[in-house]
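K.L.:
turn this into a model:
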Amino acid sequence: MTIKPASRMNLVQEYYFSTKLKQIADMRASGIDVLNLGIGSPDLPPSAETIEALAETATNPKNHAYQSYVGIPALREGFAKFYQTFYGVALNPVHEILPLIGSKEGIMHIAMAYLEAGDEVLVPNPGYPTYRAASLLTGATVVDYDLSEENGWLPDLKALAQQDLSKVKLMWVNYPHMPTGAKATTAFFEELRDFALTHNILIVNDNPYSFILNDNPQSILAIDGMKEVALELNSLSKSHNMAGWRMGVLVGNAEYVSHVLRFKSNMDSGMFLPLQMAAVKALENPISWYKSLNEIYRKRQQKVFEIMDLLSCQYDKNQTGMFVWAKISSEYANSYDLSDEILQKAGVFITPGGIFGSAGNNYIRISLCAEIGLFEEATIRIRKSLGICS
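P.N.:
I've put the predicted structure just below:
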């Protein structure tokens, strides 16, 4: 007996890191000690207060029941205070804030709430692969918009406006940008707002990296009039070292948020209460906590720059986020060739930029989510594989 999967599954493949982790596991099982510099999963813990809140509330037997689909009031109010304090954005905690089981969930929920066959959606190239996958699974048609180093990894909105945008309903943007680490300017966001108004397009900004190696966190909703045309996703995964906790949020116009809630409420039964209470504490972290975290990332970034220099890569020292994005040497045909060579010869995994779209084919990405010693060991291995004497 053969049961075929839905035809929509032909539109997507297994997530790249899912398959790569299997390969790395197989290599390790065969005795090869692979150093993984690819995935951006924070290796540092949340604040002590966050962990204490989880432990304390988890011991209460009354805290293990189903929870509200919209999160507890304290969490929504915590996000509202967080947005006001750090971004200067006023949000109504009742109607303009929707906690999520991670912002990746939110990408799928937004896509399902707004997109269908016949719609078109603008997706960044390079960009987070989930924007494309979630859009395709709705039956919508993906329209790439290319980003380039020459344009600061910002979309050319004037060039986009020359295209037929009559079927475009939604545009994914992501600033600070992953994988390039580029930041957007206020002037760009204002231009983006006007573009969305002119072409009747819903903008969704994915904003999980605004606190990492960035002294001026910014929300797209701080731009006047942006609530009319935009939603924003945020997450505690990167900024608060809570990737496995799956704690994200969707913020913006109450009507836009309500449509996403209608879909989400059919998909889950709320978040574990102790996790929500711990997230409230995490959102109260003082600015000094973020600064101490960034001191660690800056030291690691310098070590990654050394690796990039060894590989003859070019990079922007002012990039933000928990990765280093760099252009590869012309001696390699593409980023996959370089990544595969370093994996096989040095036992070090580096992410090929091509997984983020064709515009990333000549770039690689290294995560900052590892201790200094691991980067030093990777440097030794790569030097040896390249035949460079120490």
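K.L.:
would you map the helices across the stretch 51-200 of the chain?
P.N.:
Taking DSSP state H, counting those that start in this stretch as the criterion, the stretch 51-200 of the chain contains helices spanning 73-87, 103-114, 129-137, 157-161, 186-199.
K.L.:
please tabulate these in CSV, including the columns distance to residue 94 and mean pLDDT.
P.N.:
C-betas here are computed from N, CA, C, even on glycine. Shown next, in CSV, are the helices of the stretch 51-200 of the chain (distance: least, CB to CB, whole Å; pLDDT from 0 to 100):
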stretch, distance to residue 94, mean pLDDT
helix 73-87, 7, 98
helix 103-114, 18, 96
helix 129-137, 27, 95
helix 157-161, 34, 97
helix 186-199, 25, 98
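K.L.:
quick one: which of those is nearest residue 350?
P.N.:
Nearest to residue 350, of all the helices of the stretch 51-200 of the chain, is helix 129-137, at 17.1 Å by CB to CB.
K.L.:
now do the contacts for the residue nearest to residue 182 when sequence neighbours are not counted.
P.N.:
Distances taken as CB to CB, 6 or more residues apart in numbering put residue 153 closest to residue 182, at 3.6 Å, once the chain neighbours are dropped. Residue 153 makes contacts with 147, 177, 180, 182, as judged by CB atoms under 8 Å, 6 or more residues apart in numbering.
K.L.:
what about those residues, which one has the most neighbours?
P.N.:
residue 180 (30 neighbours; other CB atoms under 10 Å).
K.L.:
now the helix or strand where residue 25 lies and helix 129-137, what's the angle there?
P.N.:
Secondary-structure assignment from DSSP states H and E places residue 25 in helix 16-29. Put simply, helix 16-29 runs at 120 degrees to helix 129-137, going by axes from the mean of the first three to the mean of the last three CA atoms, to 10 degrees.
K.L.:
downstream of helix 16-29, the next helix or strand is which one?
P.N.:
Next along the chain after helix 16-29, taking DSSP H and E as the criterion, comes strand 35-36.
K.L.:
run me through the strand neighbours of that next one, direction for each.
P.N.:
Partners of strand 35-36 in the sheet, by DSSP bridges, are strand 348-349 (parallel).
K.L.:
and the next element down the chain from the partner strand?
P.N.:
Trace forward from strand 348-349 with DSSP H and E and the next one is strand 351-352.
K.L.:
avg pLDDT for the helix or strand following that next one?
P.N.:
Toward the C-terminus, strand 351-352 is succeeded by strand 363-367 as the next helix or strand (DSSP H and E). Mean pLDDT, computed over strand 363-367, is 96.
K.L.:
now swap in stretch 220-234 and tell me
P.N.:
Averaging pLDDT residue by residue across stretch 220-234 gives 97.
K.L.:
ok, residues contacting that stretch?
P.N.:
For stretch 220-234, using CB under 8 Å, 6+ apart, the contacting residues are 79, 83, 87-89, 91, 100, 103, 106-107, 110, 173, 175, 184, 186, 189-190, 192-193, 196-197, 201-208, 210, 219, 248-253, 256-257, 260.
K.L.:
ends of that stretch, what's the gap?
P.N.:
Across stretch 220-234, the terminal residues are separated by 11 Å (CA to CA, to the nearest Å).
K.L.:
can you tell me the closest non-neighbouring residue to residue 352?
P.N.:
residue 335 (3.7 Å).
K.L.:
cool, and residue 363?
P.N.:
For residue 363, the spatially nearest residue (CB to CB, 6+ apart) is residue 353, at 3.3 Å.
K.L.:
so what's the one you found up against?
P.N.:
Applying CB under 8 Å, 6+ apart, the residues near residue 353 are 126, 179, 325, 335, 360-365.
K.L.:
redo these as a markdown table? Include distance to residue 73 and neighbour count.
P.N.:
As requested, the contacts of residue 353 are exported to a markdown table (distance: CB to CB, whole Å; neighbours: other CB atoms under 10 Å):
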| residue | distance to residue 73 | neighbour count |
| --- | --- | --- |
| 126 | 39 | 26 |
| 179 | 36 | 25 |
| 325 | 40 | 27 |
| 335 | 46 | 24 |
| 360 | 42 | 24 |
| 361 | 47 | 17 |
| 362 | 49 | 21 |
| 363 | 44 | 25 |
| 364 | 45 | 31 |
| 365 | 39 | 27 |
